[in-house]
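[1] Give me the fold of what follows.
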Amino acid sequence: MDDSKISLIRGIYNSIYYAGQILGAVLGPHFPDKYGRKIAYIGTTIFMTTSCAIQMAATLTNYPEILIFGRFIGALFAPMNDAVMLLYCQETTTPKMRGVLSSLFTTGYSVMALIGMILGMKNILGNHLTILLAVPIPLGIIGCIYLFFLQETPKFLMITKRDRNAALKSLTFYQGEKSENEEILDNYLSEANEQSDTPSLLDLVKIPHLRKSVIIGNASLMLVLPFFSILLSSTYFMEKVGIDDQNAQFASTLCAVVLIIACFVATYLLKTFGRRTLLLIFGIFGILFLSVFAAAGKFISLKYISMAGLFGYIICFGLSLGPISFSIASELVPLQYRSSIICIVFSLNSIFVVVTNVAVEPLFEAIGSIAFIPLFIAPCIISLIYLYFSLPETKDCETYEIVQMLKGGKTRVINDKINTNF
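    Next up, the predicted model:
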């Protein structure tokens, strides 16, 4: 097979994942809302494990189409799997621990990225593609077995199924036997009052406070858009600003390690400080670090300062931008819309990721590191301004309180009274 065909197959293989994610985001919300979070979680995990098996088997044949098909299957069920995992994190815990548990999404993603980076090295499994693609299969099987022993989420049972006994059993399973469990179930019913009798995906466009939630979710994810390009092309960026190949590769690996450490620190920050405050503060710092990279990268003598800018942004991502941005949208809407809004904002984000990943290297070749200004810095600034005026504080708040803030155009609830103080 000549180089042109290899490049074509690689391009299709990389692009098909995002195409599958967009389709999966459209089809995904119905299943967990109708059949429950547990069944959806098990089902998507089975299909994603099957996807890995198909791709592994494809390496034993001469048909790259099988490899592409396997990746498409995985991408199709990835949005629903991500959505259900976030729903479990948010619907099984207390408001005080909701942000901490949701942050584990980013922590897990970062750990898996580092493991994948290490296993993909040529001196480990990089030259053994069949074994590399087989690694997730036993983990997926173990995950499916584990999920069978989980309870359905108490909020789904109470609000959607209206099964108080099952909801109480589930609540006790996840939070322990407490005297206030009955009161917690009653609070769930307050959230049910914010729901529609005939929910529709179009509600997220037609109903003002739901539409605002979608915009906030996408604005938050815009702050993490640079992360995906840095994750895929950090070595390339560092080499282009003057770092030698060996140091650039080492720095890329070090970035992944720093990211994991930052994600673990984020669990403390999210438990202590408000989501709004953290997102705005680290959003500002993230933009400043990206600006340092863009400006210093134009001068070879400032190459290490430029590299420090990338590290600074990665730290901001791990400490707050990633943990909050991936989960904030689902905190803003009633239960019946959560899987829908997660899938929608993730799919829109996937489109932006594809566009920027395709554009960043050609633009970098043309104008250098200042390519980050139109691609990332400017959109981040616009998003941050919008979030400052629109994002409510969700820490320690029940969903019905957050919905009331969105309806009233407010950002905080203090002593049951809404105010607009930062």
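
[2] check contacts around the residue nearest the centre of the chain.
    By Cα atoms, centre = their mean, the mean C-alpha position of the chain lies nearest to residue 326, the distance being 3.7 Å. Counting by Cβ atoms under 8 Å, 6 or more residues apart in numbering, residue 326 makes contact with 86, 102, 105, 106, 221, 224. Heads up, the C-betas are built off the backbone N, CA and C, glycines and all.

[3] tally of neighbours for the last one?
    By other Cβ atoms under 10 Å, the residues close to residue 224 number 23.

[4] do you know how far it is from residue 386?
    In this view, residue 224 and residue 386 are 15 Å apart by Cβ to Cβ, to the nearest Å.

[5] Residue 146: neighbour count?
    Neighbour tally, residue 146, other Cβ under 10 Å: 11.

[6] what helix or strand is it on?
    helix 136-148 (DSSP states H and E).

[7] can you dump the C-alpha coordinates of that helix into PDB?
    C-alpha atoms of helix 136-148 as PDB (Å, rounded to 0.1, in the frame of the first residue of the first chain):
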ATOM      1  CA  PRO A 136      -9.200  -2.400  26.600                       C
ATOM      2  CA  ILE A 137     -11.200  -5.600  26.000                       C
ATOM      3  CA  PRO A 138     -10.700  -7.300  29.300                       C
ATOM      4  CA  LEU A 139     -11.100  -4.000  31.100                       C
ATOM      5  CA  GLY A 140     -14.400  -3.500  29.300                       C
ATOM      6  CA  ILE A 141     -15.600  -7.000  30.300                       C
ATOM      7  CA  ILE A 142     -14.700  -6.300  34.000                       C
ATOM      8  CA  GLY A 143     -16.500  -3.000  33.800                       C
ATOM      9  CA  CYS A 144     -19.700  -4.600  32.500                       C
ATOM     10  CA  ILE A 145     -19.600  -7.200  35.300                       C
ATOM     11  CA  TYR A 146     -19.100  -4.400  37.900                       C
ATOM     12  CA  LEU A 147     -22.000  -2.300  36.500                       C
ATOM     13  CA  PHE A 148     -24.400  -5.200  36.900                       C
END
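
[8] buried sites along that helix?
    Buried positions in helix 136-148, judged by neighbour count with 16 or more other Cβ atoms under 10 Å: 136, 137, 140, 143, 144, 147.

[9] And stretch 157-169, by the same measure?
    By neighbour count on 16+ other Cβ under 10 Å, the buried set for stretch 157-169 is 157, 158, 159, 160, 164, 166, 167, 168.

[10] before we move on, what about stretch 50-70?
    50-56, 58-59, 64, 66-70.

[11] thinking again about what came up before, let me know the closest of the contacts of residue 326 to residue 372.
    Nearest to residue 372, judged by Cβ to Cβ, of those is residue 224 at 14.2 Å.

[12] Could you list which residues are in contact with that closest one?
    Residue 224 neighbours (Cβ under 8 Å, 6+ apart): 317, 321, 322, 325, 326.

[13] Can you give me the neighbour number for residue 364?
    21.

[14] so which strand or helix has it?
    Per DSSP H and E: helix 335-367 holds residue 364.

[15] Could you name the helices and strands sitting against that helix?
    Applying 3 or more Cβ pairs under 8 Å, 6 or more residues apart in numbering; DSSP states H and E, one finds that helix 335-367 contacts helix 3-27, helix 30-35, helix 64-91, helix 203-206, helix 208-222, helix 225-240, helix 328-331.

[16] can you give me the angle the longest one makes with helix 136-148?
    Spelled out, that is helix 64-91. 30 degrees (axes from the mean of the first three to the mean of the last three Cα atoms, to 10 degrees).

[17] buried set for helix 64-91?
    64, 66-91.

[18] Equivalent analysis for the second one, please.
    Of the residues in helix 30-35, those buried under the neighbour-count criterion (16+ other Cβ under 10 Å) are 31, 32, 33.

[19] and of those residues, the nearest to residue 292?
    residue 32 (41.5 Å).

[20] which ones are touching that closest one?
    Residue 32 neighbours (Cβ under 8 Å, 6+ apart): 39, 40, 41, 80, 83, 84, 87, 339.

[21] Kindly present the residues you listed as JSON lines, with separate columns for distance to residue 258 and pLDDT.
    Formatted as JSON lines, the contacts of residue 32 follow (distance: Cβ to Cβ, whole Å; pLDDT from 0 to 100):
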{"residue": "39", "distance to residue 258": "38", "pLDDT": "94"}
{"residue": "40", "distance to residue 258": "34", "pLDDT": "93"}
{"residue": "41", "distance to residue 258": "31", "pLDDT": "94"}
{"residue": "80", "distance to residue 258": "31", "pLDDT": "86"}
{"residue": "83", "distance to residue 258": "28", "pLDDT": "85"}
{"residue": "84", "distance to residue 258": "29", "pLDDT": "90"}
{"residue": "87", "distance to residue 258": "29", "pLDDT": "88"}
{"residue": "339", "distance to residue 258": "32", "pLDDT": "82"}
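
[22] now the stretch 1-150 of the chain, which segments are flagged as low pLDDT?
    1-4, 7 (pLDDT under 70).

[23] and with 90 instead?
    By pLDDT under 90, the low-scoring segments of the stretch 1-150 of the chain are 1-35, 62-64, 75-76, 78-83, 85-87, 89-91, 93-129.
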